[in-house]
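need coordinates for the following:
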Amino acid sequence: MELRTRILPRMLNSEVEDYLKTNDIVIVPVGTVEMHGGFPLDSETVISEAFALRMAEACDGLALTGLPYFYAGATASGRGTVQVSVRQGIDYLGAIARSLLRQGFRRQIYLSFHGPAHMTISPMVRDFFDETGVPILYMDLALQMMGSCRDLLKTMDDFHAITVGSYQIMGRLEDVPLTTAFQHSEPQTCAPFNDLFGLAYQSASVGYCFADPKDHMSTTAIPDEAVRQRLADEGQAIVEEWVQRMDMPHVVAQMRDLKGYTDAVAEDRPWMPSAWNNRTH
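From the prediction side, this is the model:
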């Protein structure tokens, strides 16, 4: 379907209503505002939004941007970091998910590049299904980075290029400052506790915070506009290859099939949320 834009907040209400006559897919990037070396505080938000936009283009979906304020984690020691509790984030995101369902978006995909985001999104996704009988999806980009897309990131500069490329995708490349001040090879001050941090998934193991802004993180030197543009082009290519590997048409087709599967499971089980939902809507 040809649309003027796939970013939902930039659309007219009439455009959204026309879209919902033929499809029901919304992709919701969940971000943070936190200290991030030589990159803007919203860099992990922008990465998630860039992925969401390309994913929406690949599967005829819409992208609901503008969700930057969630649990940041150990970066709360930074004065620029906006810290929202995990519980508050679950409740807020759940309210958005229920609103989207009422609007007609039955296939909702949540994603984030922020490591601790799973603590907010995964509980919401499971509670939402138990409440509504509608399966919605969380795609963890940080987990994919360590798995199926590891070969795309050959060096740390490739990782940083994704950030710069994402700003380019979102039309904000000039927001990435030209600086060499945040490139270093120093270990994190919390490194002596890595044996604790590895006992559970990512940041969900134990409470802690970074003692030094350098802990999050060393970022690549961007001395001039030419280097910034090279990183942007390299990073955009990585994002687009990554999204191609996701096979979004297959993902959204599976989501439709999964809804049929869960409805069939609930058909003779009146205590299941799918059965309740199907009887009352």
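
for the most centrally placed residue in the chain, give its distance to residue 3.
Among the residues of the chain, the one closest to the centroid is residue 112, at 1.8 Å (CA atoms, centre = their mean). Here the distance between residue 112 and residue 3 works out to 24 Å (CB to CB, to the nearest Å). (Glycine included, C-beta is placed from N, CA and C.)

how about residue 162?
Relative to residue 3, and taking CB to CB, residue 162 is found at 26 Å.

out of the two, which sits in the more crowded spot?
residue 162 (25 against 15; other CB atoms under 10 Å).

helix or strand: which one has the more buried one?
Mapping residue 162 onto the secondary structure by DSSP states H and E places it in helix 156-169.

show me what that helix is packed up against.
helix 43-59, helix 225-246 (3 or more CB pairs under 8 Å, 6 or more residues apart in numbering; DSSP states H and E).

whichever helix or strand comes after that helix: how far from the chain's middle?
Read in the C-terminal direction, the helix or strand following helix 156-169 is helix 194-197, with elements assigned using DSSP H and E. When distances are taken as CA atoms, centre = their mean, to the nearest Å, helix 194-197 is centred 25 Å away from the chain's centroid.

now do stretch 4-24
Averaging C-alpha coordinates over stretch 4-24 and over its chain gives two centres that are 21 Å apart (CA atoms, centre = their mean).

ends of that stretch, how far apart?
Terminal residues of stretch 4-24 lie 17 Å apart, using CA to CA, to the nearest Å.

before we move on, what about stretch 73-83?
Start-to-end, stretch 73-83 (CA to CA) is 7 Å.

tell me how many other residues crowd the residue lying closest to residue 184 once chain neighbours are set aside.
The spatial neighbour of residue 184 that comes closest, neighbours along the chain excluded (CB to CB, 6 or more residues apart in numbering), is residue 218 at 4.8 Å. A total of 16 residues lie near residue 218 under the criterion other CB under 10 Å.
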